[in-house]
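Visitor: Based on what follows, work out the 3D shape:
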Amino acid sequence: MSIKTIQGGITSPKGFQAAGVEAGVKYENRKDMAIIYSEQPCVVAGTFTSNVVKAAPVKWDMRVVNESPFAQAVIVNTGIANAGTGKTGMEYCEKTAEKAAELLKLEKENVLIGSTGVIGAHLPMDRILAGVEKLVAAKSDSTDAGTDASKAIMTTDTVNKELAVTVDIAGVTVTLGAMSKGSGMIHPNMCTMLGYVTTDAVIAKDTLQKMLSEDVVDTYNMISVDGDTSTNDTLLVLANGMAKNPEIKEGTPEYDAFKEALHYINETQAKRLAGDGEGAKALVECEVINAVSKADARTLAKSVITSSLTKAAIFGHDANWGRILCALGYSGAKFDPEDMELYYEANGKKILIYKNGLDAGYSEEEATEILSQPEVRIIADMHMGNASATAWGCDLTYDYVKINADYRS
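Guide: Predicted coordinates:
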C-alpha cells in the first residue's frame, strides 16, 4: 500500500491554513470556532444529511457545492447548530460568509459554513463575527493550527480527531488531511456530523464528488452511536491542486490510489467517531461475511451495531448472543438462522458462540474477558454467498443518558 500516515491534520496538504479560537458562542474558556483556508481556490465535493430537517449551514453548503465553481474557506462554530432557525438562520450564514469573504478578499459564495450544537438556539452574531476576525488573524499552516481547529469543532467529543496521509500519484506525493467531530446524534445517512478533508491533489470537481459519494456508503454510513441522524451532517473535501500531480481521472491507477487514500481517511475517522460515542467505553465492530449480497451484508452489520440491547450487553460484558441473532433477524435481510455462525473477537482472541441454531458451548469466562476489551468485534458468518460488510458502533452506558439528559443545561 502506497499510503503513509504522517503527523498532522487539516493543514498538512500544501497551501492549507487553519485556526481555532475562543469566541464565546456557548462555552467558556475553550476554543469554539475554527477556520480552514486555502491559498488557492479549491474544487469541493460534499455529502449532507438525509434528514428532512436540514440546518441552515447544510443548505448553505449544498448551494456552494452545487453552484459555485470553487470554494476557498470554511468557517465552523460549535455550541449552537443553527438548525430550526428559519430564514434568520440563512441570514446568519450569509453574514458569516460575507465577513470572512471581506477579510480574505473572496466572494461569499466561496465560503462554506459549519455549525454543530443545540438545535433551535440562535447564534450570537456579534460573537460569531468577532470570532471570524480572530480566526483570519490567527490562521497558519502549522500542525498546531490544524490541531487547534480540530479541537474547536468538538462538542461532547472527548478527544479531537485529526489525521493526515500521503499517497504517490504518478510519482508525485499528494497529501490528504482531515478533521472530524461527532459523539452523539450519530446515525449518518451520508456521512458524520461534521467532517472535513483537505488535499493538494489535482482532480476535477465531478470526479471528486463521484469518489466521495461512493466512499461514504462503506465508511461514514456504516457507523452509529444512538440511531439519531443529525440535522447538520456535513462532509466536505477540498482540493486545491497545489501538488501539481497529473490530473486524477477515473479508470486509471492514479484514481484507484487516491480513492484508497480517501477511503483510509474516511474509515479511520468514522471509526474514531463511533469509538468516542457519548459515554462509550468500547468500540464495537460487526463484520458480516458470506452474505448473499453486499446490500444484505451492510443491512445485517448495521442492524447489529444499532441494537440497543446488543450495545447494553457489550457494556455489561454479557455474551448474550440472542440479542445479536435478534438484531440480524429483524434487519430485513433474509437468511437461515439454522445455518450460520456467530463469533466474538478481541485482543487476538476469537471464540465461536453460536452455530447452526444452537449455543456453541463457549466459556462464559472467556467471553466476558473478550467483551471487557476496549475494542470488540462481532463476526456473523451467514453461509449464503461471498459478500461482506463492516459496521462500527459503541456500547451503551449510563453516561449516555446522563449526557443527553443534561445537554441543554
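
Visitor: Pull out the buried positions in stretch 65-85.
Guide: Applying a neighbour-count criterion of 16 or more other Cβ atoms under 10 Å, the buried positions in stretch 65-85 are 65, 68, 70-83, 85. For glycine as for every other residue, the C-beta is placed from the backbone atoms N, C-alpha and C.

Visitor: From those, which land in strands?
Guide: Among those, the ones falling in strands (DSSP state E) are A71, Q72, A73, V74, I75, V76, N77, T78, G79, I80.

Visitor: Among those, find me the one that's closest to K99.
Guide: Taking Cβ to Cβ as the measure, K99 sits nearest to I75 out of those, at 8.4 Å.

Visitor: Correct me if wrong: A270 contacts S224.
Guide: No - using Cβ atoms under 8 Å, A270 is not in contact with S224, being 10.4 Å away.

Visitor: Closest to K210 out of the ones in strands among the buried residues of stretch 65-85?
Guide: A71 (17.9 Å).

Visitor: Could you give the bridge partners of the closest one?
Guide: Assessed by DSSP bridges, A71 has beta-bridge partners C42.

Visitor: Counting neighbours, which bits of stretch 337-348 end up buried?
Guide: Counting neighbours by 16+ other Cβ under 10 Å, the buried set in stretch 337-348 is M340, E341, L342, Y343, Y344, E345, A346.

Visitor: ok, of those, which one's closest to K302?
Guide: For those, the closest approach to K302 (Cβ to Cβ) belongs to L342, at 16.2 Å.

Visitor: Could you say which helix or strand holds the closest one?
Guide: Element membership for L342, per DSSP states H and E: strand 341-346.

Visitor: in its sheet, what does that strand sit against?
Guide: Partners of strand 341-346 in the sheet, by DSSP bridges, are strand 349-355 (antiparallel), strand 375-381 (antiparallel).

Visitor: which stretches of the stretch 51-200 of the chain have low pLDDT?
Guide: By pLDDT under 70, the low-scoring segments of the stretch 51-200 of the chain are 192.

Visitor: What I need now is the buried residues of stretch 337-348 written out in JSON lines, including pLDDT and distance to M211 for each item.
Guide: Converted to JSON lines, the buried residues of stretch 337-348 look like this (pLDDT from 0 to 100; distance: Cβ to Cβ, whole Å):
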{"residue": "M340", "pLDDT": "98", "distance to M211": "34"}
{"residue": "E341", "pLDDT": "98", "distance to M211": "35"}
{"residue": "L342", "pLDDT": "98", "distance to M211": "34"}
{"residue": "Y343", "pLDDT": "98", "distance to M211": "33"}
{"residue": "Y344", "pLDDT": "98", "distance to M211": "35"}
{"residue": "E345", "pLDDT": "98", "distance to M211": "31"}
{"residue": "A346", "pLDDT": "98", "distance to M211": "33"}
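
Visitor: which residues in the protein form helices?
Guide: 56-67, 86-104, 125-138, 143-152, 205-215, 253-275, 294-306, 308-315, 321-329, 364-371, 398-405 (DSSP state H).

Visitor: Leaving out sequence neighbours, find the closest residue to V284.
Guide: G393 (4.8 Å; Cβ to Cβ, 6 or more residues apart in numbering).

Visitor: What separation is there between that neighbour and S224?
Guide: G393 is 5 Å from S224, where distance means Cβ to Cβ, to the nearest Å.

Visitor: Show me which of these two is the more surrounded one.
Guide: Between G393 and S224, G393 has the larger neighbour count (other Cβ atoms under 10 Å), namely 32 against 25.

Visitor: Select, out of the helices of the chain, the one closest to K281.
Guide: In terms of Cβ to Cβ, the element of the helices of the chain nearest to K281 is helix 308-315, at 6.5 Å.

Visitor: List the contacts of the residue of the chain most remote from its centre.
Guide: Among the C-alpha atoms of the chain, the one farthest from their average position, using Cα atoms, centre = their mean, is that of G361, at 38.2 Å. For G361, no residue meets the contact criterion (Cβ atoms under 8 Å, 6 or more residues apart in numbering).

Visitor: how close does it sit to L328?
Guide: For G361, the distance to L328 (Cβ to Cβ) stands at 20 Å.

Visitor: what does Q7 give?
Guide: Summarising the geometry, the distance separating Q7 from L328, computed by Cβ to Cβ, is 41 Å.

Visitor: And the two? Which one has more around it.
Guide: It is L328, of Q7 and L328, that has more neighbours when counted by other Cβ under 10 Å, with 24 against 8.

Visitor: Would you mind measuring from the more buried one to E341?
Guide: In this structure, L328 and E341 are separated by 12 Å, where distance is defined by Cβ to Cβ.

Visitor: Pull up the overlap in contacts between these two.
Guide: Residues touching both L328 and E341 comprise A380, with contact defined as Cβ under 8 Å, 6+ apart.

Visitor: Show the low-confidence segments of the stretch 301-409 of the chain, by residue range.
Guide: Applying pLDDT under 70 to the stretch 301-409 of the chain flags residues 409.

Visitor: Recalculate using a threshold of 90.
Guide: Using pLDDT under 90 as the threshold, the predicted model of the stretch 301-409 of the chain has low-confidence ranges 401, 403-409.

Visitor: Distance from the chain centre to the strand holding L342, please.
Guide: Its chain's C-alpha centre and that of strand 341-346 lie 26 Å apart, by Cα atoms, centre = their mean, to the nearest Å.

Visitor: Need the residues that contact that strand.
Guide: Among residues not part of strand 341-346, those counted as contacts by Cβ under 8 Å, 6+ apart are 319, 321, 324-325, 350-356, 360, 367, 370-371, 373, 375-381, 383.

Visitor: Whichever of those end up buried, select them in PyMOL.
Guide: Typed into PyMOL, the next command selects the buried ones out of the contacts of strand 341-346 (criterion: 16+ other Cβ under 10 Å):
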select buried, resi 319+321+324+325+351+353+354+355+367+370+371+373+376+377+378+379+380+381
